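Participant: Here you go, sequence then predicted model.
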Amino acid sequence: MNTERRLMTHLFHKTLRAGLPWLLALTICSAQTPTKSAKTAAAGKTAPKSYPPELVQKGRALFRQECSFCHGREAGGGETGPDLTRSDLVAKDVNGNLIGPLVRNGRPDKGMPHFDRSDEQIASLVAFIHTQRNDSLAAGGRRGNGGRKGVDVADLQTGSVEAGKQYFEGAGGCAKCHSATGDLAGIASRYKGLKLEEQMLYPNDPKSRLTVTLPSGQTITGTLAYRDEFTVALTDSAGWYRSWRASDVQYKIDAPVNAHVEQFSKYTDADIHNLMAYLQTLH
């Protein structure tokens with residue numbers, strides 16, 4: 001496996017898949033006769049939805065044909081895709097209201113293509129994915145024979161703080177855009193464990209900067225507010241929304257996330273562990 005592939009595998013396996021929040025395991029009922037209070041508490045819990053076996057089988061066949069390369073044959077995570085049995089989106093999905101649009105629209109920013117599928121096909125995928133999730137939860141959230149184990153916080157505390165600081169200020173180039181006493185101050189209090197690593201490797205919705213050059217030569221800079229093939233717009237430092245026809249101006253977008261993406265092929269395992277160790281000291 002070449003260096004870039006290994007690093008990308010590390011990234012996705014350890015962040016996008018494992019970085020998704022742990023879901024609470026289902027409560028296992030006691031073999032003893034429950035008390036009245038226990039019965040009352042149990043009555044308030046919603047049992048996992050079950051699906052017709054034939055629908056699940058159709059979904060399994062379709063999933064293995066089109067989704068297993070990224071997400072694994074059993075939806076537990078693959079070469080580049082996250083573990084769907086522990087996905088927050090799957091946990092919140094109701095009858096395909098989130099899974100359906102995701103399948104049809106894809107996630108280009110994460111490398112997921114879109115799939116043009118019928119309602120019946122979407123329903124079968126939903127049935128299979130939810131069934132896999134239910135089985136995983138019933139097993140305590142971990143998979144057996146050859147399955148994956150979630151990454152614990154302790155797994156992310158094995159690096160060298162000093163080496164991480166040196167990487168941050170030197171070879172990693174992090175200090176060009178970030179400051180331990182500025183935008184990253186207190187980051188370890190805002191993000192914990194895998195959430196912190198996910199934010200480090202692929203920041204969630206970072207604000208892009210837009211610089212517009214008018215025909216007069218004047219430049220205006222602000223936070224990118226809108227862009228399509230006809231219009232560009234920004235919010236300036238005073239909070240004003242300003243827009244122009246794209247054909248009338250020259251403009252440049254500075255997207256901070258691009259620097260993180262470019263770093264993917266440069267990281268080593270040690271770099272990631274050390275950088276995480278350092279970031280976890282920034283309370």
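Facilitator: Perfect, I can see it now. Numbering: from 1, shown residues only.
Participant: Please point out which parts of stretch 210-223 sit buried.
Facilitator: Residues Leu210, Val212, Ile220, Gly222 are the ones in stretch 210-223 that count as buried (16 or more other C-beta atoms under 10 Å). From N, CA and C alone the C-beta is placed, and that goes for glycine too.
Participant: and the helix or strand harbouring Tyr278, which residues are buried?
Facilitator: For Tyr278, the host element (DSSP states H and E) is helix 269-279. By 16+ other C-beta under 10 Å, the buried positions in helix 269-279 come out as Asp271, Ile272, His273, Asn274, Leu275, Met276, Ala277, Tyr278, Leu279.
Participant: And stretch 257-269, by the same measure?
Facilitator: By neighbour count on 16+ other C-beta under 10 Å, the buried set for stretch 257-269 is Ala259, His260, Gln263, Tyr267.
Participant: Using a markdown table, lay out these together with distance to Pro101.
Facilitator: Putting the buried residues of stretch 257-269 into a markdown table (distance: C-beta to C-beta, whole Å) gives the following:
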| residue | distance to Pro101 |
| --- | --- |
| Ala259 | 30 |
| His260 | 26 |
| Gln263 | 30 |
| Tyr267 | 32 |
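Participant: Only C-alpha atoms, please: export the host helix or strand of Glu198 in PDB.
Facilitator: Assigned by DSSP H and E, Glu198 falls within helix 193-201. Extracted C-alpha coordinates of helix 193-201, given in PDB (Å, rounded to 0.1, in the frame of the first residue of the first chain):
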ATOM      1  CA  GLY A 193     -11.500  12.900  21.800                       C
ATOM      2  CA  LEU A 194     -12.500  11.800  18.300                       C
ATOM      3  CA  LYS A 195     -14.500  15.000  17.700                       C
ATOM      4  CA  LEU A 196     -11.200  17.000  18.300                       C
ATOM      5  CA  GLU A 197      -9.300  14.800  15.800                       C
ATOM      6  CA  GLU A 198     -12.100  15.100  13.200                       C
ATOM      7  CA  GLN A 199     -12.000  18.900  13.600                       C
ATOM      8  CA  MET A 200      -8.200  18.800  13.300                       C
ATOM      9  CA  LEU A 201      -8.100  16.700  10.100                       C
END
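Participant: looking just at contacts, which helices and strands does that helix meet?
Facilitator: For helix 193-201, the elements it packs on are helix 187-190, helix 269-279, judged by 3 or more C-beta pairs under 8 Å, 6 or more residues apart in numbering; DSSP states H and E.
Participant: closest to Phe69 out of these?
Facilitator: Checking the helices and strands packed on helix 193-201 against Phe69 by C-beta to C-beta gives helix 269-279 as the closest, at 23.7 Å.
Participant: In the stretch 101-250 of the chain, where is pLDDT below threshold?
Facilitator: For the stretch 101-250 of the chain, the stretches with pLDDT under 70 are 140-156, 205.
Participant: make it 80
Facilitator: Low-confidence segments of the stretch 101-250 of the chain (pLDDT under 80): 110-111, 139-157, 193-194, 202, 204-206.
Participant: would you list every one of the helices in it?
Facilitator: In the stretch 101-250 of the chain, the segments counted as helices under DSSP state H, counting those that start in this stretch are 119-138, 161-169, 187-190, 193-201.
Participant: Can you give me the neighbour number for Val90?
Facilitator: Look at Val90: counted by other C-beta atoms under 10 Å, it has 22 neighbours.
Participant: Which of the three states applies to it?
Facilitator: Secondary structure, DSSP: H, G, I helix; E, B strand; the rest coil: Val90 is helix.
Participant: Check the gap between the residue in the chain sticking out farthest from the centre and Ala246 for me.
Facilitator: What lies farthest from the middle of the chain is Ser216; by C-alpha atoms, centre = their mean that is 42.7 Å. Remark: distance between Ser216 and Ala246 (C-beta to C-beta, to the nearest Å) = 17 Å.
Participant: Could you do Val261 as well?
Facilitator: Distance, Val261 to Ala246, using C-beta to C-beta: 24 Å.
Participant: Next: Asn95.
Facilitator: Distance of Asn95 to Ala246, given as C-beta to C-beta: 40 Å.
Participant: quick one on the thing from earlier: out of the helices of the stretch 101-250 of the chain, which gets nearest to Cys177?
Facilitator: It is, among these and with distance given as C-beta to C-beta, helix 161-169, at 10.9 Å.
Participant: Show me which residues of the closest one are buried.
Facilitator: Val161, Ala163, Gly164, Lys165, Tyr167, Phe168.
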